[in-house]
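# Predicted model follows, preceded by the sequence.
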Amino acid sequence: MKVSKLKSLLVKIFKKKGLNHVDALISTNALINAEMVGAYGHGLSRLKMYCDRISKKVINPRPKIKVKKISQSISHINADNSIGFVAADIAIKTAIKHAQKTGIGMVAVKNSGHYGLSGYYAEQAVKKNLIAMIYTNAPPAVAPHGALKSLFGTNPICFGTPTDSKIPFILDTSISMINRGKIRVAAKNNQKIPEGVALDKFGKQTTDAKKALEGVQLPIAGFRGSGLAWMVDILSGVLTGGNHAGRVKDPFDDFSGPQNIGHLFITFKVNLFQKNYNQRIKDNIKTIKKLPKIKGIKEIMYPGENKYYRFKKNLNKDISIDKNVSNNLNFLLKDI
(Lines give C-alpha, C1' and ligand atoms only; values in the text may rest on other atoms or scores of the structure.)
Protein backbone atom coordinates (compact mmCIF):
# COMPACT_ATOMS: atom_id res chain seq x y z
CA MET A 1 0.00 0.00 0.00
CA LYS A 2 1.27 3.49 -0.83
CA VAL A 3 2.49 5.43 2.21
CA SER A 4 0.21 8.39 1.44
CA LYS A 5 -2.88 6.16 1.30
CA LEU A 6 -1.93 4.29 4.46
CA LYS A 7 -1.26 7.56 6.26
CA SER A 8 -4.70 8.87 5.30
CA LEU A 9 -6.40 5.66 6.50
CA LEU A 10 -4.59 5.63 9.85
CA VAL A 11 -5.44 9.27 10.54
CA LYS A 12 -9.10 8.49 9.80
CA ILE A 13 -9.02 5.49 12.15
CA PHE A 14 -7.45 7.44 15.01
CA LYS A 15 -9.84 10.37 14.53
CA LYS A 16 -12.78 7.95 14.52
CA LYS A 17 -11.50 6.70 17.89
CA GLY A 18 -11.62 10.24 19.25
CA LEU A 19 -8.15 11.70 18.72
CA ASN A 20 -7.94 15.22 17.33
CA HIS A 21 -6.27 15.65 13.93
CA VAL A 22 -2.86 16.66 15.30
CA ASP A 23 -2.66 13.74 17.74
CA ALA A 24 -3.91 11.33 15.07
CA LEU A 25 -1.15 12.53 12.74
CA ILE A 26 1.51 12.22 15.46
CA SER A 27 0.43 8.63 16.16
CA THR A 28 0.24 7.77 12.46
CA ASN A 29 3.72 9.10 11.71
CA ALA A 30 5.24 7.06 14.53
CA LEU A 31 3.60 3.83 13.34
CA ILE A 32 4.63 4.38 9.72
CA ASN A 33 8.20 5.17 10.76
CA ALA A 34 8.37 1.81 12.56
CA GLU A 35 7.29 0.05 9.38
CA MET A 36 9.80 1.99 7.27
CA VAL A 37 12.76 1.01 9.45
CA GLY A 38 11.65 -2.62 9.63
CA ALA A 39 10.56 -2.59 13.29
CA TYR A 40 7.30 -4.38 12.51
CA GLY A 41 6.65 -5.36 16.14
CA HIS A 42 6.21 -1.65 16.90
CA GLY A 43 4.29 -0.77 13.75
CA LEU A 44 0.93 -1.69 12.26
CA SER A 45 0.78 -4.94 14.22
CA ARG A 46 -0.08 -2.79 17.27
CA LEU A 47 -2.76 -0.61 15.66
CA LYS A 48 -5.75 -2.68 16.78
CA MET A 49 -4.34 -2.83 20.31
CA TYR A 50 -4.26 0.96 20.57
CA CYS A 51 -7.79 1.19 19.20
CA ASP A 52 -9.06 -1.52 21.55
CA ARG A 53 -7.60 0.31 24.54
CA ILE A 54 -9.27 3.54 23.48
CA SER A 55 -12.61 1.74 23.04
CA LYS A 56 -12.29 0.18 26.48
CA LYS A 57 -11.50 3.61 27.96
CA VAL A 58 -8.03 2.75 29.23
CA ILE A 59 -6.42 5.17 26.77
CA ASN A 60 -7.77 8.72 26.90
CA PRO A 61 -8.18 10.01 23.32
CA ARG A 62 -8.62 13.63 24.46
CA PRO A 63 -6.19 13.97 27.38
CA LYS A 64 -5.54 17.14 29.33
CA ILE A 65 -1.77 16.80 29.43
CA LYS A 66 -0.08 18.94 32.07
CA VAL A 67 3.54 20.07 31.81
CA LYS A 68 4.95 21.19 35.16
CA LYS A 69 8.13 23.23 34.79
CA ILE A 70 10.44 22.42 37.70
CA SER A 71 13.38 24.53 36.51
CA GLN A 72 14.74 26.03 33.30
CA SER A 73 16.04 22.57 32.39
CA ILE A 74 13.56 20.16 33.97
CA SER A 75 9.86 19.42 33.43
CA HIS A 76 7.44 16.79 34.69
CA ILE A 77 4.55 15.72 32.47
CA ASN A 78 1.28 14.13 33.57
CA ALA A 79 0.05 12.58 30.32
CA ASP A 80 -3.49 11.89 31.60
CA ASN A 81 -3.44 8.35 30.15
CA SER A 82 -2.92 9.61 26.61
CA ILE A 83 -1.77 7.39 23.79
CA GLY A 84 1.99 7.15 24.30
CA PHE A 85 2.92 8.73 20.97
CA VAL A 86 1.39 12.06 21.97
CA ALA A 87 2.96 12.14 25.44
CA ALA A 88 6.38 11.26 24.02
CA ASP A 89 6.06 13.88 21.28
CA ILE A 90 5.44 16.63 23.85
CA ALA A 91 8.21 15.27 26.09
CA ILE A 92 10.97 15.18 23.47
CA LYS A 93 10.03 18.61 22.14
CA THR A 94 10.10 20.01 25.68
CA ALA A 95 13.47 18.35 26.39
CA ILE A 96 14.89 19.78 23.15
CA LYS A 97 13.74 23.30 24.05
CA HIS A 98 15.29 23.03 27.51
CA ALA A 99 18.61 21.82 26.10
CA GLN A 100 18.72 24.53 23.45
CA LYS A 101 18.15 27.15 26.13
CA THR A 102 20.29 25.90 29.03
CA GLY A 103 22.49 23.19 27.56
CA ILE A 104 20.60 20.27 29.10
CA GLY A 105 16.99 19.12 29.29
CA MET A 106 15.34 16.47 31.43
CA VAL A 107 11.67 15.55 31.13
CA ALA A 108 9.91 12.88 33.17
CA VAL A 109 6.52 11.50 32.09
CA LYS A 110 3.89 9.60 34.06
CA ASN A 111 0.43 8.27 33.17
CA SER A 112 1.49 7.48 29.61
CA GLY A 113 1.26 4.42 27.38
CA HIS A 114 3.34 2.52 24.86
CA TYR A 115 5.01 5.05 22.55
CA GLY A 116 6.61 2.84 19.91
CA LEU A 117 10.31 3.16 19.12
CA SER A 118 12.51 5.15 21.48
CA GLY A 119 14.92 5.80 18.63
CA TYR A 120 12.21 7.72 16.77
CA TYR A 121 12.29 10.38 19.48
CA ALA A 122 16.06 10.32 19.97
CA GLU A 123 16.50 11.07 16.28
CA GLN A 124 14.44 14.23 16.66
CA ALA A 125 16.92 15.52 19.25
CA VAL A 126 19.93 14.44 17.19
CA LYS A 127 18.63 16.47 14.23
CA LYS A 128 18.91 19.51 16.52
CA ASN A 129 22.58 18.62 17.19
CA LEU A 130 21.80 17.26 20.65
CA ILE A 131 22.67 14.02 22.42
CA ALA A 132 19.65 12.11 23.74
CA MET A 133 19.18 9.41 26.37
CA ILE A 134 15.71 7.89 26.70
CA TYR A 135 14.30 5.29 29.08
CA THR A 136 10.87 3.70 29.36
CA ASN A 137 9.47 0.72 31.22
CA ALA A 138 7.05 -1.90 29.97
CA PRO A 139 4.75 -4.74 31.09
CA PRO A 140 6.29 -7.78 32.82
CA ALA A 141 8.17 -9.96 30.35
CA VAL A 142 11.67 -10.53 31.74
CA ALA A 143 12.51 -12.48 34.88
CA PRO A 144 14.96 -10.81 37.26
CA HIS A 145 18.17 -12.82 37.52
CA GLY A 146 17.48 -15.88 39.63
CA ALA A 147 13.68 -15.55 39.46
CA LEU A 148 11.22 -17.82 37.66
CA LYS A 149 8.53 -15.15 37.35
CA SER A 150 8.68 -12.21 34.93
CA LEU A 151 8.55 -8.76 36.51
CA PHE A 152 10.66 -6.34 34.48
CA GLY A 153 9.55 -5.17 31.08
CA THR A 154 11.84 -5.34 28.08
CA ASN A 155 12.66 -1.79 29.28
CA PRO A 156 14.33 -0.15 26.27
CA ILE A 157 17.50 1.90 26.62
CA CYS A 158 18.13 4.49 23.93
CA PHE A 159 21.12 6.72 23.17
CA GLY A 160 21.47 9.02 20.19
CA THR A 161 24.18 11.39 19.02
CA PRO A 162 25.05 13.37 15.90
CA THR A 163 27.96 11.88 13.95
CA ASP A 164 28.92 14.77 11.69
CA SER A 165 27.34 12.78 8.86
CA LYS A 166 23.82 12.23 7.55
CA ILE A 167 23.52 8.95 9.47
CA PRO A 168 22.96 9.43 13.22
CA PHE A 169 24.22 7.05 15.90
CA ILE A 170 21.02 5.64 17.43
CA LEU A 171 21.30 2.78 19.91
CA ASP A 172 17.76 1.63 20.64
CA THR A 173 17.81 -1.70 22.40
CA SER A 174 15.78 -3.61 24.93
CA ILE A 175 17.42 -5.37 27.86
CA SER A 176 15.90 -8.68 26.75
CA MET A 177 17.47 -11.09 24.29
CA ILE A 178 14.63 -10.32 21.88
CA ASN A 179 12.00 -7.59 21.98
CA ARG A 180 8.45 -8.65 22.83
CA GLY A 181 7.02 -7.21 19.64
CA LYS A 182 9.05 -9.69 17.57
CA ILE A 183 7.74 -12.58 19.69
CA ARG A 184 4.15 -11.41 19.17
CA VAL A 185 4.65 -11.16 15.41
CA ALA A 186 6.24 -14.63 15.38
CA ALA A 187 3.32 -16.05 17.39
CA LYS A 188 0.76 -14.58 14.98
CA ASN A 189 2.62 -15.98 11.99
CA ASN A 190 3.35 -19.37 13.61
CA GLN A 191 7.09 -18.76 13.36
CA LYS A 192 9.77 -19.97 15.73
CA ILE A 193 11.97 -17.64 17.78
CA PRO A 194 15.73 -18.12 18.26
CA GLU A 195 17.08 -20.46 20.92
CA GLY A 196 18.22 -19.05 24.24
CA VAL A 197 15.90 -16.02 24.37
CA ALA A 198 12.92 -17.30 26.38
CA LEU A 199 11.60 -19.91 28.79
CA ASP A 200 8.15 -21.48 28.83
CA LYS A 201 5.92 -21.30 31.92
CA PHE A 202 7.69 -24.35 33.34
CA GLY A 203 11.11 -22.71 33.15
CA LYS A 204 12.32 -24.70 30.14
CA GLN A 205 13.96 -23.07 27.11
CA THR A 206 11.62 -22.77 24.15
CA THR A 207 11.62 -21.65 20.52
CA ASP A 208 7.80 -21.66 20.43
CA ALA A 209 6.70 -17.99 20.34
CA LYS A 210 3.32 -18.70 21.94
CA LYS A 211 4.91 -20.60 24.81
CA ALA A 212 7.42 -17.78 25.22
CA LEU A 213 4.57 -15.29 25.66
CA GLU A 214 3.17 -17.54 28.40
CA GLY A 215 6.57 -17.87 30.05
CA VAL A 216 9.44 -15.41 30.55
CA GLN A 217 11.99 -13.68 28.38
CA LEU A 218 15.65 -13.77 29.30
CA PRO A 219 17.71 -10.63 29.87
CA ILE A 220 20.87 -9.87 27.92
CA ALA A 221 24.12 -10.78 29.69
CA GLY A 222 22.54 -12.62 32.60
CA PHE A 223 22.65 -10.74 35.91
CA ARG A 224 24.14 -7.68 34.18
CA GLY A 225 21.12 -7.36 31.89
CA SER A 226 18.85 -7.91 34.86
CA GLY A 227 20.59 -5.02 36.61
CA LEU A 228 20.08 -2.77 33.58
CA ALA A 229 16.38 -3.67 33.49
CA TRP A 230 16.12 -2.77 37.17
CA MET A 231 17.88 0.55 36.53
CA VAL A 232 15.40 1.44 33.76
CA ASP A 233 12.47 0.49 36.00
CA ILE A 234 13.78 2.91 38.63
CA LEU A 235 14.50 5.76 36.20
CA SER A 236 11.28 5.51 34.20
CA GLY A 237 8.94 4.18 36.88
CA VAL A 238 10.00 4.97 40.44
CA LEU A 239 11.48 8.38 39.59
CA THR A 240 8.70 9.64 37.32
CA GLY A 241 5.59 8.53 39.22
CA GLY A 242 4.79 5.82 36.69
CA ASN A 243 4.00 2.21 37.47
CA HIS A 244 6.97 -0.02 38.33
CA ALA A 245 7.95 -3.38 39.83
CA GLY A 246 5.72 -5.35 37.46
CA ARG A 247 2.63 -3.12 37.74
CA VAL A 248 2.56 -1.90 34.12
CA LYS A 249 -0.43 -3.59 32.49
CA ASP A 250 -0.07 -5.67 29.33
CA PRO A 251 -1.56 -3.55 26.52
CA PHE A 252 -2.91 -6.54 24.59
CA ASP A 253 -4.46 -8.57 27.38
CA ASP A 254 -5.16 -6.40 30.43
CA PHE A 255 -7.90 -3.80 30.06
CA SER A 256 -8.55 -3.42 33.79
CA GLY A 257 -7.08 0.08 33.78
CA PRO A 258 -4.53 2.44 32.20
CA GLN A 259 -0.91 1.31 31.91
CA ASN A 260 0.63 4.36 33.61
CA ILE A 261 3.95 3.83 31.84
CA GLY A 262 6.77 6.19 32.78
CA HIS A 263 9.36 7.70 30.45
CA LEU A 264 12.51 9.74 31.03
CA PHE A 265 13.97 11.95 28.31
CA ILE A 266 17.41 13.56 28.70
CA THR A 267 18.93 15.82 26.05
CA PHE A 268 22.07 17.94 26.07
CA LYS A 269 24.28 19.95 23.76
CA VAL A 270 27.17 18.06 22.19
CA ASN A 271 29.67 20.84 22.89
CA LEU A 272 29.11 21.20 26.64
CA PHE A 273 32.65 20.02 27.43
CA GLN A 274 34.47 19.89 24.11
CA LYS A 275 33.85 22.53 21.46
CA ASN A 276 35.12 20.22 18.71
CA TYR A 277 32.73 17.35 19.53
CA ASN A 278 31.68 16.83 15.92
CA GLN A 279 35.28 16.29 14.85
CA ARG A 280 35.95 13.99 17.81
CA ILE A 281 32.90 11.77 17.16
CA LYS A 282 33.85 11.60 13.48
CA ASP A 283 37.36 10.47 14.46
CA ASN A 284 35.95 7.95 16.95
CA ILE A 285 33.76 6.28 14.33
CA LYS A 286 36.45 6.36 11.65
CA THR A 287 38.98 4.71 13.98
CA ILE A 288 36.62 1.89 14.93
CA LYS A 289 35.50 1.26 11.36
CA LYS A 290 39.15 0.82 10.31
CA LEU A 291 39.73 -2.05 12.72
CA PRO A 292 40.57 -5.47 11.22
CA LYS A 293 37.37 -7.38 10.51
CA ILE A 294 36.56 -11.00 11.23
CA LYS A 295 35.85 -13.31 8.34
CA GLY A 296 32.53 -12.64 6.62
CA ILE A 297 32.17 -9.06 7.91
CA LYS A 298 32.33 -6.46 5.15
CA GLU A 299 31.94 -3.39 7.34
CA ILE A 300 31.87 -2.53 11.04
CA MET A 301 28.62 -0.64 11.46
CA TYR A 302 27.55 1.58 14.31
CA PRO A 303 24.04 1.49 15.83
CA GLY A 304 21.53 3.23 13.61
CA GLU A 305 23.21 2.58 10.27
CA ASN A 306 21.14 -0.49 9.40
CA LYS A 307 17.87 1.29 10.22
CA TYR A 308 18.93 4.30 8.19
CA TYR A 309 19.61 2.13 5.14
CA ARG A 310 16.33 0.22 5.60
CA PHE A 311 14.43 3.51 5.81
CA LYS A 312 16.17 4.85 2.72
CA LYS A 313 15.50 1.59 0.84
CA ASN A 314 11.80 1.68 1.76
CA LEU A 315 11.33 5.40 1.18
CA ASN A 316 9.91 5.06 -2.32
CA LYS A 317 8.31 1.66 -1.86
CA ASP A 318 4.80 0.63 -0.94
CA ILE A 319 4.38 -0.66 2.62
CA SER A 320 3.72 -4.38 2.72
CA ILE A 321 0.57 -5.31 4.64
CA ASP A 322 0.37 -8.87 5.97
CA LYS A 323 -2.90 -10.78 6.34
CA ASN A 324 -3.37 -10.07 10.07
CA VAL A 325 -2.77 -6.34 9.66
CA SER A 326 -5.02 -6.23 6.58
CA ASN A 327 -7.85 -7.89 8.50
CA ASN A 328 -7.39 -5.42 11.36
CA LEU A 329 -7.44 -2.46 8.98
CA ASN A 330 -10.61 -3.70 7.29
CA PHE A 331 -12.26 -4.23 10.68
CA LEU A 332 -11.31 -0.75 11.91
CA LEU A 333 -12.36 0.92 8.66
CA LYS A 334 -15.75 -0.77 8.30
CA ASP A 335 -17.61 2.00 10.15
CA ILE A 336 -15.74 4.85 8.45
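Sure, I can see it. Numbers count the residues shown, from 1 in each chain.
# From one end of stretch 196-203 to the other, what's the distance?
Taking CA to CA, to the nearest Å as the measure, stretch 196-203 stretches 12 Å from start to finish.
# how much distance is there from that stretch to the middle of the chain?
24 Å (CA atoms, centre = their mean, to the nearest Å).
# I'd like to check what contacts it. Which residues are they?
Residues external to stretch 196-203 that are found in contact with it (CB atoms under 8 Å, 6 or more residues apart in numbering): 143, 148, 176-178, 183, 205-206, 208, 211-212, 214-218. All C-beta atoms are positioned from the backbone trio N, CA, C, and that covers glycine.
# Restricted to buried residues, select these in PyMOL.
If you want just the buried ones from the contacts of stretch 196-203 in PyMOL, going by 16 or more other CB atoms under 10 Å, the selection is:
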select buried, resi 143+176+177+178+183+206+208+211+212+215+216+217+218
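# Tell me which of the contacts of stretch 196-203 fall in helices.
183, 211-212, 214 (DSSP state H).
# Adding distance to Gly262 and pLDDT, write the residues you listed out as a markdown table.
Below are the ones in helices among the contacts of stretch 196-203 laid out as a markdown table (distance: CB to CB, whole Å; pLDDT from 0 to 100):
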| residue | distance to Gly262 | pLDDT |
| --- | --- | --- |
| Ile183 | 23 | 92 |
| Lys211 | 30 | 94 |
| Ala212 | 25 | 92 |
| Glu214 | 26 | 90 |
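# tell me the contacts of the residue at minimal distance from the centre of the chain?
For the chain, the residue nearest the mean C-alpha position is Leu117 (2.6 Å; CA atoms, centre = their mean). Taking CB under 8 Å, 6+ apart as the criterion, Leu117 is in contact with 30, 33-34, 37, 39, 42, 172.
# In the chain, mark out all the helices, start to finish.
3-16, 21-36, 47-55, 84-102, 118-126, 180-188, 209-214, 223-233, 277-289, 305-314, 323-333.
# Please identify the most buried of these.
Mean neighbour count (mean count of other CB atoms under 10 Å) peaks for helix 118-126 among the helices of the chain, with a mean of 26.
# Enumerate residues external to it that contact any of its residues.
Contacts of helix 118-126 (CB under 8 Å, 6+ apart): 30, 33-34, 37, 88-89, 91-93, 95-96, 99, 115, 131-132, 134, 136, 156-162, 168-172, 265, 267, 304, 307.
# Quick one: mean pLDDT over it.
When pLDDT is averaged along helix 118-126, the result is 98.
# So what angle separates the directions of that helix and helix 305-314?
In terms of direction (axes from the mean of the first three to the mean of the last three CA atoms, to 10 degrees), helix 118-126 departs from helix 305-314 by 90 degrees.
# weakest of the helices of the chain in terms of mean pLDDT?
Among those, helix 180-188 carries the lowest mean pLDDT (a mean of 87).
# Remind me what it packs against, helices and strands.
If you count contacts as 3 or more CB pairs under 8 Å, 6 or more residues apart in numbering; DSSP states H and E, helix 180-188 packs onto helix 209-214.
# For the helix it packs on, what is the distance to the chain centroid?
Here the centre of helix 209-214 is set off from its chain's centre by 21 Å, with CA atoms, centre = their mean.
# How about residues contacting that helix?
By CB under 8 Å, 6+ apart, the surrounding residues in contact with helix 209-214 are 183-184, 186-187, 191-193, 197-201, 206.
# how about 10 Å then?
Counting contacts by CB atoms under 10 Å, 6 or more residues apart in numbering, the residues outside helix 209-214 that touch it are 141, 178, 180, 182-193, 197-202, 204-206, 208, 218, 250, 252-253.
# Near the nearest residue to Leu291 once chain neighbours are set aside, how many other residues are there?
With CB to CB, 6 or more residues apart in numbering as the criterion, Leu291 has its nearest non-adjacent residue at 6.2 Å, and that residue is Ile300. For Ile300, the neighbour count with other CB atoms under 10 Å is 14.
# what do you get for the one 3 residues further on?
Other residues lying near Pro303 total 17 when counted by other CB under 10 Å.
# Could you find the closest non-adjacent residue to Ala24?
Excluding its sequence neighbours, the residue lying closest to Ala24 (CB to CB, 6+ apart) is Phe14, at 3.6 Å.
# show me the contacts for the nearest residue to Ile131 once chain neighbours are set aside.
Excluding the flanking residues, the one nearest Ile131 by CB to CB, 6+ apart is Thr161, at 4.8 Å. Listed by CB under 10 Å, 6+ apart, the contact partners of Thr161 are 122, 125-126, 129-133, 168-171, 270, 277-278, 281, 284, 302-304.
# Kindly recompute the last result at 8 Å.
Contacts for Thr161 (CB under 8 Å, 6+ apart) come out as 126, 131-132, 168-169, 270, 281.
# Over to Ile131?
So Ile131 contacts 125, 159-162, 267-270 (CB under 8 Å, 6+ apart).
# let's go with 6 Å and repeat that
Each residue near Ile131 by CB atoms under 6 Å, 6 or more residues apart in numbering is listed here: 161, 268, 270.
# before we move on, back to that, of all the helices of the chain, which lies closest to Lys66?
Ranking the helices of the chain by proximity to Lys66 (CB to CB) places helix 84-102 first, at 10.2 Å.
# now for the closest one, which elements pack on it?
helix 21-36, strand 104-112, helix 118-126, strand 261-269 (3 or more CB pairs under 6 Å, 6 or more residues apart in numbering; DSSP states H and E).
# All set, thanks.
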